[in-house]
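Engineer: When you get a sec, could you give me coordinates for this:
(one chain, ligands or ions: 2)
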Amino acid sequence: MFRSSVALTAAVRATGVASGAVPAAGVASISSGKRAASTASGFKVAVAGASGGIGQPLSLLLRNSQYVSDLRLYDIVGAPGVAADLSHIPSKAGVSGYGKDDVEAAFADVDCVVVPAGVPRKPGMTRDDLFNTNASIVQSLAEAIASAAPNAFVCIISNPVNSTVPIVAETLKKAGVYDPKKVFGVTTLDVIRANQFVGHNQNIDPKELDVTVVGGHAGTTILPLLSQIEGAKFTDDDIAALTHRIQFGGDEVVQAKDGAGSATLSMAVAGARFTDRLLAAASGVSGIRECTFVESNVADTPFFSSRVQLGPSGAEVVEPIGPMTAFEQANYDEMIGTLGDQIQKGVDFVNRA
Ligand SMILES: NC(=O)c1ccc[n+]([C@@H]2O[C@H](COP(=O)([O-])OP(=O)(O)OC[C@H]3O[C@@H](n4cnc5c(N)ncnc54)[C@H](O)[C@@H]3O)[C@@H](O)[C@H]2O)c1
Ligand SMILES: O=C(O)C[C@H](O)C(=O)O
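Structural biologist: Ligands and ions are numbered 1, 2, ... in the order given. Coordinates of the predicted model:
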């Protein structure tokens, strides 16, 4: 009743991460530091930044995904240790860890690379303040993907997403391997926050919701379309307060962690949900529609997060934004220039002289 018009529940049940499904018990066949050979049907998935605050719980969740047969953990520090730890969790799937100099081996022929590598915010910082450090990290990882896994899906978590996704796209273009259907900015945390905050406001189970959140992933560029939630009834004050909380939910966590980083556990759940659904769609499960930041022409910027129909080739159909209220349109009009500037900043970074 309250859901957006999507086949959400079926998709959740079909994928497994959300329900914590673990494949049948077996002996982990791969020890850390070695290249994995798949022992179960599924996809080869690499996590870049696997030892970090997001990387570890995300890898744990992906370890339990029915769609992952070979999990490669890459980080400049600590990945073999994380892989050794995960390898003791019963699964037929392989898991292996790779250090600083082994990025090519980590990514070799994988089907999907998920990237939570890079520094997180501290209180008082914007996501854009991370650009100077994270732009180079993401660019170098994109170069390795272009070389070792040119056909892989690439799921970018590293901030500022509004700029790091264009950096990946431009880097892959330069290498001649860019497929716009395969590069995704992971904005799922905005969606799960919206589900949680709206669910409590409307007194319904947040797990029954799948709020459409469009735009980008930074402050006012995050635009939840609360008017598109079927059956919900909001006051104008609710809409203003919920919209602001969804836009600035990241700041709540940064402030509460008080210098120790930003959202990690909720992001791991969001990253695992997106990856699992992408892989489910790639394996032939139909009807999967997720909000994600992709190249498209549905808005006035070359990249935009909106609902995307996922399939074997990736982003198969980018759906239009749909009807917006005057409040939502005003928010869109106010932020779209900023979003365009942040995208252009990423493009310029790669194409600088
Ligand atoms: N998209 C989102 O919704 C979202 C949500 C939360 C955090 N983030 C972003 O995710 C990133 C990671 O956050 P975190 O809390 O996990 O940070 P973290 O510092 O805990 O972990 C980052 C990891 O990246 C690794 N790393 C650094 N350079 C690397 C490289 N060149 N190759 C491989 N690994 C490298 C580090 O060694 C570290 O283990 C940040 O940029 C943060 O802003 C995005
Ligand atoms: O807020 C941050 O810096 C991390 C992340 O983008 C979030 O939305 O929690």
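Engineer: Buried ones in the helix or strand encompassing residue 328, by neighbour count?
Structural biologist: Counting by DSSP states H and E, the element that carries residue 328 is helix 326-351. Buried residues in helix 326-351, counted by 16 or more other C-beta atoms under 10 Å: 328, 331-332, 335-336, 338-340, 342-343, 345-347, 349-350. Glycine gets a C-beta too; all of them are placed from N, C-alpha and C.
Engineer: Could you single out the nearest of those residues to residue 49?
Structural biologist: Of all the buried residues of helix 326-351, the one with the least separation from residue 49 (C-beta to C-beta) is residue 346, at 18.1 Å.
Engineer: that older thread, counting by contacts, list what the helix holding residue 328 packs against.
Structural biologist: helix 131-148, helix 161-174, strand 213-215, strand 222-224, helix 236-247 (3 or more C-beta pairs under 8 Å, 6 or more residues apart in numbering; DSSP states H and E).
Engineer: Let me know the secondary structure of the single nearest residue of the chain relative to ligand 2.
Structural biologist: Closest contact between the chain and ligand 2, by C-beta to the nearest ligand atom, is at residue 250 (2.3 Å). The assignment at residue 250 comes out as helix when based on DSSP: H, G, I helix; E, B strand; the rest coil.
Engineer: wait, it sits on residue 263?
Structural biologist: Yes. If you go by C-beta atoms under 8 Å, residue 250 and residue 263 touch, sitting 6.2 Å apart.
Engineer: Spit out the residues that contact these two alike.
Structural biologist: residue 189 (C-beta atoms under 8 Å, 6 or more residues apart in numbering).
Engineer: Can you name the residues that contact the nearest residue to residue 167 once chain neighbours are set aside?
Structural biologist: Excluding the flanking residues, the one nearest residue 167 by C-beta to C-beta, 6 or more residues apart in numbering is residue 346, at 4.4 Å. Taking C-beta under 8 Å, 6+ apart as the criterion, residue 346 is in contact with 135, 162, 163, 164, 165, 166, 167, 170.
Engineer: how about 6 Å then?
Structural biologist: Residues near residue 346 by C-beta atoms under 6 Å, 6 or more residues apart in numbering: 163, 166, 167.
Engineer: So which of those residues reach ligand 1?
Structural biologist: Near ligand 1, taking C-beta under 6 Å from any ligand atom as the test, no member of the contacts of residue 346 is found.
Engineer: how close does the residue of the stretch 201-350 of the chain found nearest ligand 1 sit to residue 185?
Structural biologist: Here the stretch 201-350 of the chain gets closest to ligand 1 at one residue, residue 267, 3.9 Å apart by C-beta to the nearest ligand atom. Noted for residue 267: a distance of 13 Å to residue 185, by C-beta to C-beta, to the nearest Å.
Engineer: more neighbours, those two?
Structural biologist: With neighbours defined as other C-beta atoms under 10 Å, residue 267 and residue 185 compare such that residue 185 has more, 29 against 23.
Engineer: That one contacts residue 157, correct?
Structural biologist: No. Between residue 185 and residue 157 there is no contact under C-beta atoms under 6 Å: 8.4 Å.
Engineer: circling back: ok, residues contacting the helix or strand containing the residue of the stretch 201-350 of the chain closest to ligand 1?
Structural biologist: Taking DSSP H and E as the definition, one finds residue 267 inside helix 265-282. Identification of contacts with helix 265-282 by C-beta under 6 Å, 6+ apart yields 14-15, 17, 43, 54, 57-58, 61-62, 65, 67, 114, 153, 155, 157, 186, 188-189, 192, 288, 290, 310-312.
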